[in-house]
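# just a sequence and a predicted model for now, questions to come.
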Amino acid sequence: MSEIYAEEIIRNKRKLEQAASQEALKEALYQIENDISNGYVVVKYETLELEERTILDGRLTMLLPTRFEEMNEELKAVKYPGPEGPEWVYSNESGDISITFTLEKGEIKPKEVTEVRDVLSREMKRLYPASAIEEKKTIGDGENLVSTFSMDIPLIDGDCYHLLFLRAVRDGLVIGSFDCSIKEKKQWQQIMMQILETLKETDA
């Protein structure tokens, strides 16, 4: 074997090892166990800082990524057309990841929220019969109960991971949702369950 040929083999071997190492690093970043108590999360190899925000006209506080801003009315009208659209929407810059909130005025007890969740999940199943209802959960305790369910919704530009959550407040029921691409579902699932535990009613 010539010296030049041997060097070429070594170079190619090193390139393969480097590529494998980079792929392993990407895989590790993708499967990272996010813990919001660190003050940040990692999604799709990107670090997102978290901060406590006051939302819903001062009714609630919640941890949200610092890059998420309230969606402007023009984009909101496009993404959520019609009178049934959410009152508040917080999203990343492109609008492809969003958290929405609507306040239904009235009297509801925290223990009744699960019943409302089940009614809404049946309605969503009727609208999307091919999609399975997933992750029916109730997290928190006492006045801080949050009931959730999720499903994958088929859209024209690809499947969407849709998480719906409900929480009783003094003057009604907060109905919220989180949406992202199905490609980011695995990471956002664990993150959102933690974030929803930070949803607190203010004294205002």
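Thanks, I have it.
# surely Glu112 is within a helix?
Yes - counting by DSSP: H, G, I helix; E, B strand; the rest coil, Glu112 is found in a helix.
# if we ignore the residues flanking it in sequence, what's nearest it?
What sits nearest to Glu112 in space, not counting adjacent residues and going by CB to CB, 6 or more residues apart in numbering, is Ala168, at 7.4 Å. Heads up, the C-betas are built off the backbone N, CA and C, glycines and all.
# and Glu201, by the same measure?
Going by CB to CB, 6+ apart, Glu201 has Val169 as its nearest residue, at 5.4 Å.
# got the contact list for that neighbour?
Arg59, Leu60, Leu103, Glu201 (CB atoms under 8 Å, 6 or more residues apart in numbering).
# now swap in Leu164 and tell me
Neighbouring residues of Leu164 by CB under 8 Å, 6+ apart: Arg117, Leu120, Ser121, Met124, Thr148, Phe149, Ser150, Ile175, Gly176, Ser177.
# with Asp96 instead?
Counted by CB under 8 Å, 6+ apart, Asp96 has contacts Cys180, Ser181.
# quick one, phi/psi of it?
phi -80, psi -10 (degrees, to the nearest 10).
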